[in-house]
Structures are given as C-alpha cells and as structure tokens.
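1. requesting a structural model of the entry that follows:
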Amino acid sequence: MALDPVIHQETRLRLMALLASLGEGAQVEFTWLKEALDLTEGNLSSHLAKLEEAGYVQVEKGYQGRRPRTWVRLTPQGRAAYQAHRQALLELLKGG
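-> As a prediction, this is how the structure comes out:
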C-alpha cells in the first residue's frame with residue numbers, strides 16, 4: 001500500500017483527519033476549519049483547492065441569511081483515500 005502524496009503533506013493530513021473524524025456526510029464551515037487547524041484563510045484555501053482537485057473534498061459556497069458562507073465536506077472518494085493512506089501509515093510504522 002502506498003502513501004497518497006496529496007494527503008501526506010502535514011496540513012492536508014490534519015485537515016483530512018479532522019473531516020474524517022466528523023462522520024460521513026458531515027459538513028463544516030470554512031471559518032471553523034480555519035480556527036480548528038490554526039491556519040490563515042489563504043493557506044486553508046490553497047490546501048482545500050488541492051484536495052478538491054483530487055476529488056477528496058467538496059466545497060460549497062452559499063448564504064446563511066445575508067452572510068456568505070463556505071462549507072466543506074469529505075467526499076466518499078476522500079474518505080476512502082484517507083482510510084487507505086492511514087492504513088499505509090500504520091503498516092509503515094509497524095515495519096511492514
């Protein structure tokens with residue numbers, strides 16, 4: 001099993017782990033992610049763009065009342081890729 005280079009970067013790995021921990025179908029606001037991971041808007045945006053390009057996350061823009069909002073969720077493909085990457089890391093750590 002190989003490590004996924006898109007996920008393996010530290011910030012993207014933390015982002016994927018956080019989204020995976022929320023359960024299937026859960027979505028969170030961009031601002032919540034930014035604060036939870038202690039990232040700047042630009043940094044989070046660039047990492048989300050890479051994950052979105054790979055099909056691992058879905059980013060939706062909309063409004064809550066009159067306020068613009070951005071929601072992020074892990075896709076089924078992203079959940080599978082994260083689980084495979086996690087398993088590859090565990091195997092590597094076991095020495096196998």
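2. just read off the phi/psi values of the nearest residue to Q27 once chain neighbours are set aside.
-> Nearest in space to Q27, with sequence neighbours left out and distances taken as C-beta to C-beta, 6 or more residues apart in numbering, is R73 at 4.0 Å. (Glycine included, C-beta is placed from N, CA and C.) The phi/psi pair for R73 (degrees, to the nearest 10) reads phi -140, psi 150.
3. please report the distance of R73 from G95.
-> R73 sits 35 Å away from G95 when distances are taken as C-beta to C-beta, to the nearest Å.
4. quick check: longest helix in the chain by residues?
-> Secondary structure of the chain read by DSSP state H shows that its longest helix is helix 76-94.
5. quickly list what V59 is bridged to.
-> V59 has the following beta-bridge partners by DSSP bridges: V72.
6. what about it, neighbour count?
-> Using other C-beta atoms under 10 Å, V59 has 15 neighbouring residues.
7. tell me the contacts of it?
-> F30, L48, E52, T70, W71, V72 (C-beta atoms under 8 Å, 6 or more residues apart in numbering).
8. and those, which are buried?
-> F30, L48, T70, W71, V72 (16 or more other C-beta atoms under 10 Å).
9. the fourth one contacts T31, doesn't it?
-> So that's W71. No - assessed by C-beta atoms under 8 Å, W71 is found out of contact with T31, at 10.3 Å.
10. can you report how many residues neighbour Y82?
-> Under the neighbour criterion other C-beta under 10 Å, Y82 is assigned a count of 21.
11. excluding its backbone neighbours, what's nearest it?
-> With C-beta to C-beta, 6+ apart as the measure, M16 is the residue that lies nearest to Y82, at 4.6 Å, once sequence neighbours are left out.
12. swap in L18?
-> Among residues not flanking L18 along the chain, A36 sits closest, at 6.3 Å (C-beta to C-beta, 6+ apart).
13. the longest helix of the chain packs against which elements?
-> Other elements packing on helix 76-94 under the criterion 3 or more C-beta pairs under 8 Å, 6 or more residues apart in numbering; DSSP states H and E are helix 5-8, helix 10-21.
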